[in-house]
Structure formats: structure tokens, C-alpha cells
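# From the sequence below, what's the structure:
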Amino acid sequence: MTTTTLAVLVPLLPFLGAAAGLLLGRTAPGFVRPLAVLPPLTSLVLAVLVAVRQGGGQAIDASTELTPTGSIPIELALHIDGFAALVAVLVGVVATCVQIYSTGYLRDDPRYPSYAALVSLFTSAMLLVVYSGDLIVLLVGWEVMGICSYFLVGHYWETPEARAASIKAFLVTKLGDVPFLIGLFALATDAGSFQITTVLGTVASGGLHHPTLIALLLLAGVAGKSALFPLHTWLPDAMAGPTPVSALIHAATMVAAGIYFVARLLPVFQASSAAVVVLAVMAAVTMAGSGLAALAQDDIKRVLAYSTIGQLGYMAGALAVGDRGAAVFHLLAHGAFKALLFLAAGVIIHASGTNSLAVMSRMKDLRARVPDAYWTMTVALLALAAIPPFSGFFSKEAVLGAAEHVATGHTEHAPGAAGWIVLVAGLITAVLTAAYATRLWLLAFRGRGAEAPDHGRQPLTMTAVLWVLAVPSLAFGLAYGPLPDWFDGRDLTPVLTTSVLGTGLALVGGLVTYGAWRHTSAMAARVPMGAVVAHPDADAGAVEAEAIALHEQAFGDVAYAADPADPGRLLLGPLHRHAAVGFHLDAVYTALFVRPVQAGAVLVRFLDREVVDTYVRGAGALPRWLGAAVRRAQTGNVQTYVSALLAGTVVLVVAALLVATGA
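Numbering: from 1, shown residues only. Sure, this is the predicted structure:
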């Protein structure tokens, strides 16, 4: 079988599995789980074969015209280079693990058949984006992922949080997709083709007439899809969906699509220095802001969501300094340990019965209840914090090293300003990442209080997947040696300066957080259990006065939505309240966009009802009144008609006499 045929089957099999799952979900429920697991597993095997045959060498290209357009043709095209081959393997690994994990996590869910089918469709759409050599076909996969995320995030549609989160995710990403679509058409107009190879050839020859405009339009769509500032606000709320969906979205699909798109078309963005600097600023704000927000979250999944936003900022930063090898290297490493983090969090939530770190911190021996999740999540958190020799260290150092090369003028792939912006923000984020990773580990696994609930051992399908993902989380970083052959030949070896700085700052962040936790734990020991107010506006009348006084003495105010032993409150101080709500960005959007749109809708409704409808009613009333007047004259009485005739005759005679007399 040819490599092209194998590549076509990679996205096709999950699509067929999704279609079969939707058709047979109700009539043949026994086939649902095999149809959920086998297609992505087979696609994974085929993706590995494609990667082996591609071997990091010459890109595999194939195309066939879908339909004649008379101008710019639309083609079903494949363009598989080293980036595409490895990212497809990542998608296959994570999707297969998520489907296997879901058979246990959602084993009692009545809507599991539709869920499994949508996950397969989601996987197929992402694989289409990865392998596509035509921008329109890529756009199809891009948009299919958007609708799949809407349905999967809203899987628990009975809850208002899930409904609101699904709508928000859909609308925010569509807000970016509108300029993205315009940018694609503008790019194809300049290049004369939607084929990626032709577009890149046009860029290389200087044929783009509007590089800055096109790059900025495309960045809007990338910001929405990959949750970069300022269109990142949908991702934390998307945690209302099932935890395996979160793992899929955060590790291998949806948010990875935007980063992958920029990596594939990086020369388009590099054609505009202004666009590169804008991307660097977006990456810097995304990194630092998400790190602060993660340090203030109580929901374990929201901590991981903000963590994903920060890591996407690192990838965008690598692209801003012109090193797509470092960006995709971090994308691959992050995909493994972030999938592990979410799936391990699912086991913890399943065992503890809560998402709240505040509640978990009051459970002792939780790590003994979930030993598999404890050990594998520890590995994943160390990778996230970029502690050597875990995978995150090597991939994050590749990003920082690339930024340092640009900042110090050792390479001219990007403006020096972009290098400094990414480097400084990346080092600050290294401290914050280690801090919130340490905080999560301490609150989840070093709790004190009542015995953790014992729900028995977790299903094997859930725990086995964790150990599978723990292997690349630990060892994938060591692949930095052979990977340059797949990534344009760029050296991914850690740079001594940034390695020492990054690792040292990460250790400082972890140790300071541990010290803060020890201090707050000592203070919290003096507070009676249950003395935490759920919300700053809640009625504190039932809370013991002594507990409130102790909290105010230790933390400045009454704790809300957080454990009294939470080190994040001490570290952030007055900033904690603002970081906990994402620095009020949703409120800003509500003031700038939602309320004006609502006010405009009210005005339009008023004009429609009071002006347009009044005119329409008036236009109909006048003929109606004339008809009523005429109808009254038509009585059917002959005497009335004769009388009216005589009266009219008299009037005419008198008028004629008056005219004659006047003459």
C-alpha cells in the first residue's frame, strides 16, 4: 500500500468510526466501544507507518482537484513533512488513550455512544488539518473541530455551566474565525492558489502584496482556536465538559491546531515584522497572565486549563522568534504530559468526588487512594515545571534558547525586540509554572483532615492509560538529538544560559510555594474546620468570629473559593481576587461588546415594533377605513340609492346655475 493511501486512511478511519457509532449507537450498543477504540487505534498505527516512511526527509505531496472553480482551484491535497508526520502520531496517541480511558470514565453515561462518535469525528478533523495540503480543506477540518467542541463541552447539557461554556467556546472561536477566513482568501488571492506549497513558494519569491494585513487576519483565528490572548477566555470555562474531552482538546486537538497552522505557514508571518512583534506580545501576555491566573484557581481542571494557555504562549513565542522546530517540539512534549495531567485529574476527581482543591486539601491519604494518579501526575507536573530530565525541560529550553539567540543577535529570523519579549516573559512564566504546579500537588496530595472517601480501585482502562502517557512525559525530551532531522535541521540542544536560568527560577518558584504552604498550613491549623466562606459576598453570620479574625490576620480578608492553607493567596496577596477571575477580562468584554450589542438589539426591537410596525399597521388601517366608509354607502336599499341620486342631481343643478349666473 502506498504512503499516500495510508495517509488518506489516517483521517478517514476515525470519520467512518464516528458515522458508524452514530448509526449503531442505539440499535447495536455492543458495537459502540469497539467502534470508539479501534478506528483511532488503527489510525495511530497507520500514522506511525506514514511517519516511518516519511522519515523526516522530503515532504510527501499528492493532490487531486475537487471541483473546477474557474479561478483558484480547490484540491484534495496532502502535504506531509516531518512536522505533520509527528503531530499526526501525537493526535493518534492521545485520541486512542482518551477513547480507552472514556470506556471506564463514562461507562454509566447514557449518552456515551454520541460522545464516543463525536470524539472520533474530532480526531478525524484534527488529522485532516495536520495532513491537508490545501487551505480550504484545512478550513473544513478547522471548522468541524469547532462544532465538535461545542457538542462535547456541552455534553452535560443539563447543567447551566456546560450550556454556557459550550456557547461561549463556539462564539469566541467564531469571532476569530471570521477574520481568519478573510485572511485565507486574501492569501490565496495573492498566491493564486490555496495549495500550501504554492503559497510558500509565493512568499519565498516576495509575491505577497499585503503580508501584514494577511498575517494579522490569520492571527485572529489562531488566537481564538489556540486560546491566545485576548481570545483565550473560552478555554477555562470549557472545563465544564467531561475530563477526557479536556485532555483531548488541550493535548492534541483544537488548541494545537492554531499553533500547528502558524508553524506550517511560518514564512507568511515572517514576511511582516509587525506581525511577528504582535505575535510575540500576544505570547508574552498569554504566558504571564495565565501563570498568575492558574496560581489563584480552586478547580483543579481550571488550574490545568490556565496551564495549557501558558504553554501555548511558549509555543507562540517560539514561532514569534522564528523557530518552528522548538514550537512543535514543545507541542509534542506538552501533548503527552498535558493529556496525562487531565486524565490523572479525572481519576482524582472520580475518587474524591470533587474538583475543588480546597476540599481535597482537607482529605488526608488521598494519594493512597489513587496511587497510579499520584505517581503519574507527579511525573507530569515535573515535566510541566520543566525540571530535568523530564520532557518539558528540553522542549521549554528549546523555546527559551531560540528566544535568547534572537535577543542577543545570534540569528536574524525575527526582530530582536521579539526575542527579548519572549525571553523575559518565558523566564517569568517559568517561576509561575513551577509555583502553581507545586501548589496543585501540595493541595491535592498533602491534605490534612478527614479520611479521603474510598470508592474502590479505578477501572483498569483509566489507570493503564496513565502509565502509557507517563513514558513520553518522562523520556520524550531526550529525543532532542534526532528531532532536528524532522524539524528543518534546527538544533534543539538546551542552551546553558537559559537552562540554568530556567531551571533555577523553576526551583525557586517551587521552593517558595512550598514555604508559603508550610506557613499557611500552620495558620490554617488554628482555624476551625468549615470556617471558609464560599464567596466573598456570602453571608458570614454563621462563620465563627474567631475563624474570621484569624483569616483576616493571616490573609487580609476572609478566604473565598480557596483553602485556608492555599499558598496561592499568600503569594499573590491583593492580586489573588483579580487573578481568580481571569483579571476581569470577561467583564471587560461584557462592557465593550455584550452590553452594546444587547443595547443595539433593544433599539432594533423598539424600532421594529414602534416605528416599522406602526407604519405597517397605519398603511393597512387607511384602506380599511375607506372600505368601511364605502361599505356603509352600499346598503342595498333602493330608496336610499334613489334619494342619493336625486340629492346629487339637485347639487349638480345648483352648481350649474351658480356657474351660469357668475358667467
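
# Need the CA coordinates for stretch 226-239. CSV is fine.
C-alpha atoms of stretch 226-239 as CSV (Å, rounded to 0.1, in the frame of the first residue of the first chain):
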residue,chain,number,x,y,z
SER,A,226,-5.4,28.2,20.3
ALA,A,227,-6.7,30.3,23.2
LEU,A,228,-4.1,33.0,23.0
PHE,A,229,-4.6,36.5,24.5
PRO,A,230,-7.1,38.1,24.0
LEU,A,231,-9.4,35.3,22.8
HIS,A,232,-8.4,32.8,25.5
THR,A,233,-11.3,33.3,27.8
TRP,A,234,-13.3,30.3,26.5
LEU,A,235,-10.8,27.6,27.5
PRO,A,236,-11.1,27.8,31.3
ASP,A,237,-14.9,27.7,31.1
ALA,A,238,-14.7,24.7,28.7
MET,A,239,-13.8,22.6,31.8
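
# tell me which residues of stretch 407-423 are tucked away?
Along stretch 407-423, these residues count as buried under the neighbour rule (16 or more other Cβ atoms under 10 Å): 407, 411, 413-415, 418-423. To be clear about C-beta, it is placed using only N, CA and C from the backbone, and glycine gets the same treatment.

# export the residues you listed to JSON lines and tack on secondary structure and pLDDT?
Putting these into JSON lines (DSSP: H, G, I helix; E, B strand; the rest coil; pLDDT from 0 to 100) gives the following:
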{"residue": "A407", "secondary structure": "helix", "pLDDT": "92"}
{"residue": "T411", "secondary structure": "coil", "pLDDT": "78"}
{"residue": "H413", "secondary structure": "coil", "pLDDT": "75"}
{"residue": "A414", "secondary structure": "coil", "pLDDT": "85"}
{"residue": "P415", "secondary structure": "coil", "pLDDT": "89"}
{"residue": "A418", "secondary structure": "helix", "pLDDT": "94"}
{"residue": "G419", "secondary structure": "helix", "pLDDT": "94"}
{"residue": "W420", "secondary structure": "helix", "pLDDT": "96"}
{"residue": "I421", "secondary structure": "helix", "pLDDT": "96"}
{"residue": "V422", "secondary structure": "helix", "pLDDT": "97"}
{"residue": "L423", "secondary structure": "helix", "pLDDT": "96"}
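
# which two of those residues lie the greatest distance from each other?
Distance extremes for the buried residues of stretch 407-423: the farthest pair is T411 and I421 at 15.6 Å, using Cβ to Cβ.

# Can you tell me which of the buried residues of stretch 407-423 comes closest to Y314?
For Y314, the closest of the buried residues of stretch 407-423 turns out to be V422, at 8.5 Å, with distances computed as Cβ to Cβ.

# Next up, the contacts around the closest one.
Contact partners of V422, counting by Cβ atoms under 8 Å, 6 or more residues apart in numbering, are 280, 283-284, 317-318, 320-321, 399, 403, 406-407.

# would CSV of the residues you listed with distance to G55 and secondary structure be doable?
CSV is the format used below for these (distance: Cβ to Cβ, whole Å; DSSP: H, G, I helix; E, B strand; the rest coil):
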residue, distance to G55, secondary structure
A280, 33, helix
A283, 31, helix
A284, 36, helix
G317, 29, helix
A318, 24, helix
A320, 29, helix
V321, 27, coil
V399, 25, helix
A403, 30, helix
V406, 30, helix
A407, 34, helix
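
# Now which of those residues would you call buried?
Using 16+ other Cβ under 10 Å as the burial test, those include 280, 283-284, 317-318, 320-321, 399, 403, 406-407 as buried.

# I167: which of those residues is nearest?
Each of these was scored against I167 by Cβ to Cβ, and A283 proved nearest at 27.5 Å.

# Contact partners for the closest one?
Under the criterion of Cβ under 8 Å, 6+ apart, the contact list for A283 reads 228, 313-314, 316-317, 319-320, 421-422, 425.

# One more: G21?
Neighbouring residues of G21 by Cβ under 8 Å, 6+ apart: 31-32, 35-36, 113-114, 116-117, 120.

# And the pLDDT for M1?
The predicted structure scores M1 at 79 on the pLDDT scale.

# S71 now?
pLDDT, S71: 77.

# picking that back up, V153: which of the contacts of V422 is nearest?
A283 (24.8 Å).

# Residue ranges in the stretch 1-150 of the chain under the pLDDT threshold?
Applying pLDDT under 70 to the stretch 1-150 of the chain flags residues 69-70.

# for it, what spans make up the strands?
60-67, 74-80 (DSSP state E, counting those that start in this stretch).

# how about the ones you listed in TSV, adding mean neighbour count and distance to A164?
Written out in TSV, the entries for the strands of the stretch 1-150 of the chain read as follows (neighbours: other Cβ atoms under 10 Å; distance: least, Cβ to Cβ, whole Å):
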stretch	mean neighbour count	distance to A164
strand 60-67	14	38
strand 74-80	22	36
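
# Chain neighbours aside, what residue packs nearest to A444?
M360 (5.0 Å; Cβ to Cβ, 6 or more residues apart in numbering).

# what about the one you found, how many neighbours?
Other residues near M360 number 26, with proximity taken as other Cβ atoms under 10 Å.

# just the one 5 residues further on next, same as before
Counted by other Cβ under 10 Å, the residues lying close to D365 total 13.

# Then R264?
Using other Cβ under 10 Å as the criterion, R264 is surrounded by 25 other residues.

# returning to what we had before: let's see the ChimeraX selection covering just the buried ones among the contacts of G21.
To isolate the buried ones among the contacts of G21 in ChimeraX, judged by 16+ other Cβ under 10 Å, type:
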select :32,35,36,113,114,116,117,120
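
# any chance of the contacts of G21 in CSV, plus distance to I259?
Converted to CSV, those look like this (distance: Cβ to Cβ, whole Å):
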residue, distance to I259
F31, 36
V32, 33
L35, 30
A36, 27
P113, 32
S114, 29
A116, 27
A117, 27
S120, 23
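
# So in the protein, which helix runs the longest?
Once the chain is assigned using DSSP state H, the helix that runs over the most residues is helix 160-191.

# tell me what it is packed against?
helix 135-153, helix 196-204, helix 211-225, helix 234-237 (3 or more Cβ pairs under 8 Å, 6 or more residues apart in numbering; DSSP states H and E).

# mind listing what's buried in the longest one?
Residues of helix 135-153 classed as buried under the neighbour-count rule (16+ other Cβ under 10 Å) are 135-139, 141-146, 148-153.

# Low-confidence ranges, the stretch 401-550 of the chain, go.
Counting by pLDDT under 70, the ranges of the stretch 401-550 of the chain that qualify are 455-456, 524-550.

# same question but for the stretch 551-663 of the chain, I mixed them up
The stretch 551-663 of the chain contains residues with pLDDT under 70 at 551-564, 632-633, 663.

# mind listing the helices for it?
Using DSSP state H, counting those that start in this stretch, the helices found in the stretch 551-663 of the chain span residues 567-572, 575-580, 585-589, 595-606, 613-633, 638-662.

# so of those, which one's packed in deepest?
Scoring the helices of the stretch 551-663 of the chain by mean neighbour count under mean count of other Cβ atoms under 10 Å gives helix 567-572 as the most buried, with a mean of 24.

# Which strands and helices lie in contact with that helix?
In this structure, helix 567-572 makes packing contacts with helix 416-445, helix 496-524, helix 575-580, judged by 3+ Cβ pairs under 8 Å, 6+ apart.

# In a markdown table: those helices, plus distance to E75.
Conversion of the helices and strands packed on helix 567-572 to a markdown table gives the following (distance: least, Cβ to Cβ, whole Å):
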| stretch | distance to E75 |
| --- | --- |
| helix 416-445 | 34 |
| helix 496-524 | 42 |
| helix 575-580 | 47 |
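
# If anything else comes up later, I'll come back, but that's it for now.
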